[in-house]
Each structure stands twice: as C-alpha cells, then as structure tokens.
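J.: Pasting a predicted model and its sequence here:
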Amino acid sequence: MDKTGKVVILPCSGIGKPTGALAREIAYELAERARPEKTAMTCLPLLVIGDTDALKLVRENPVITIDGCALECARKSLEAAGAKPALTCQSVKFFLAHKELKPEGVAQLNEAGRKLAGLAADELAATVDRLANGEDA
Amino acid sequence: MEMRVKVGIVSCSGEERPEGTVCRMACRRLLEQTTDKTVTICLPLFIAGGREERTFASKYPTITVDGCEKRCAARATETLSAKPRMTLLIPEILRKRGLAVPRTHRNYGPEEEPVIRAVIEELAGAVDEVLAKA
C-alpha cells in the first residue's frame, strides 16, 4: 500500500495496561474505519530498530502519536527517530472525558473500551483532516 | 529466602500486521496465566525508558516473540539490552502447525483462537525450557 501523503497514526506498543490496548484500538478505529483513505500505520518497533522505510515514512509525513501511559513510548521513539509529532495524545484523556466508558482488558479491550476508542477516533478525525490538508493540528 | 527466576517475554506487538496482534495477545495471555514464571516489558521502553528498562534482558533470561522476518523484538532486545535466550517467530509456529495467519488486526474471537492457543503452547514450552536451564 502506498503511504505517501498520508497522516501516520502511531500508537504505543503497550502490553501492560488497558490504556495501551486503548491506544492501539483508537489507532485501528482511525485508520480502518474513520479515515482509512487519509491515514497509514507503521509498527512502532520498526522505529526502535531503525528500519529505513519506517524512518522515511515518519520523517516525511505528519504523525499523530497515541500513548497509553506517561512514559510516552510512541512520542519518544518518534523523536528518537528524528521526527516531530504533529499531535501527541494520551489515551487516558479520552477516558477522562467519557468516564462512563472504562477500558478494561489488555489482550482484548472490553466493549466499553472499544466504544471509547470509536469516540476517540471520531474526535481525532478532524485533526487528521487538517493535517491531510497541510494545515496545523 | 529463595529467589525464583522469572523469564522475560518481549513481544514485537507489530501494529501494522495481524501477526503483531497474534504476538501481543498470545504473550499477554501467557503472562496472565504464568505470573509466577514470567514478566514482560513494552518493547519501545528499551529506547523510551531508563537504565532499569535497558537492563531487562540482563536481569531475566529472555524469550522474544516476533511477527515477521524483520524480528524487531529479537534485534531490539539484543542491541539495546542483552542477547535473548530464545527467539520465536509467529510465521514459523503457524507453518509448523498448519495454521493460517488471521486476516484482521483486532476483535479476535473463536475463529482466531486456534492460532492464539498454538502460539501460547509454543511459548509456554519455551518458557519451561529456559527455566530448566536457568
């Protein structure tokens, strides 16, 4: 798939917390449902090993990082790869805005978490549109 | 007091490929089933974390699980922490068992369960093998 000119969605690779699973689910909701034509994803571990194609992708396109905890692996890995995020966010902020939807489960999110991911993706879609148009986040 | 050795599991988690989801789910479920024997770390913490995270593979005999031939987990662990004791690859496990790679990244259910179970079994066997030699 040609990823040129797409907004890159980069979630953390969190395997320890529901908010890591939420970050991943938000990314899929955004890239597969809300804005499939305007977004692309890459594996965060590819940045960790310095994969040439992944580095080129994040250096030449706007990137939204979605982190699952305060350690901000996605943002820090992106910056270590020599790129600057167009927008950084933490998945927990969406829970704080929708406290009735508590994400649970790490291997798989519960239904509330999946619903929250959908809402978060819808909120981020406007940012994707702006970035795809060459505007600021 | 006797200190029990635990095995460190490092999953690639590849967000772009279904094999990454398989990796992540299988590793996470095994971890939940074997909290007395295993620990994990989020792979990007080798870069984003501090000294404590970078000594992970020195403190624990480590098994890496990768979703593709790029072997991010194995390479990152060896380069940024220490050489893993064993390295597993999802395509090899599925090929050996005659199973197909799932087509989706998420919302796994009964259709994908045999794949997840196969990886958990292979990983559990690897954990026991590493512990036996520890």
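T.: Arrived safely, thanks for sending.
J.: who are the neighbours in contact with B:T40?
T.: Contacts here follow C-beta atoms under 8 Å, 6 or more residues apart in numbering or on different chains; on that basis B:T40 touches A:15-16, B:8-11, B:27-28, B:31. C-beta: built from backbone N, CA, C; applies to glycine.
J.: Report the beta-bridge partners for it.
T.: With DSSP bridges applied, B:T40 shows beta-bridge pairing to B:I9.
J.: which stretches of the chain have low pLDDT?
T.: No chain specified, so I'll use chain A. Across chain A, the ranges flagged by pLDDT under 70 are A:1.
J.: ah, no, chain B please
T.: Those would be B:1-3, if you go by pLDDT under 70 across chain B.
J.: pull the longest helix from it.
T.: Counting residues, the longest helix in chain B under DSSP state H turns out to be helix B:113-133.
J.: For chain B, what lies in contact range of chain A?
T.: Neighbours of chain A within chain B, by C-beta under 8 Å from any C-beta of the partner chain: B:11-17, B:20, B:24-25, B:27-29, B:32, B:40, B:42-49, B:70, B:72-73, B:75-76, B:79-80, B:105-108.
J.: Among the residues you listed, which lie within strands?
T.: Secondary-structure check on the residues of chain B next to chain A using DSSP state E: residues within strands are B:11, B:40.
J.: List only buried entries from the residues of chain B next to chain A.
T.: Among the residues of chain B next to chain A, those classed as buried by neighbour count (16 or more other C-beta atoms under 10 Å in any protein chain shown) are B:11-17, B:20, B:24-25, B:27-29, B:40, B:42-49, B:70, B:72-73, B:75-76, B:80, B:105-106, B:108.
J.: Scan chain A for its longest helix.
T.: In chain A, with assignment by DSSP H, the single longest helix is helix A:111-132.
J.: returning to that earlier point: which one among the contacts of B:T40 gets closest to A:I64?
T.: A:I15 (20.9 Å; C-beta to C-beta).
J.: ok, the helix or strand encompassing B:T64: who's next to it in the sheet?
T.: Remark: B:T64 resides in strand B:62-66, with elements defined by DSSP states H and E. Sheet pairing of strand B:62-66 (DSSP bridges) gives strand B:7-11 (parallel), strand B:86-89 (parallel).
J.: distance between the longest one and the chain's centre?
T.: Here strand B:7-11 is found 5 Å from its chain centre; the criterion is C-alpha atoms, centre = their mean, to the nearest Å.
J.: just stretch B:37-49 next, same as before
T.: For stretch B:37-49, the distance between its averaged C-alpha position and the chain's averaged C-alpha position is 11 Å (C-alpha atoms, centre = their mean).
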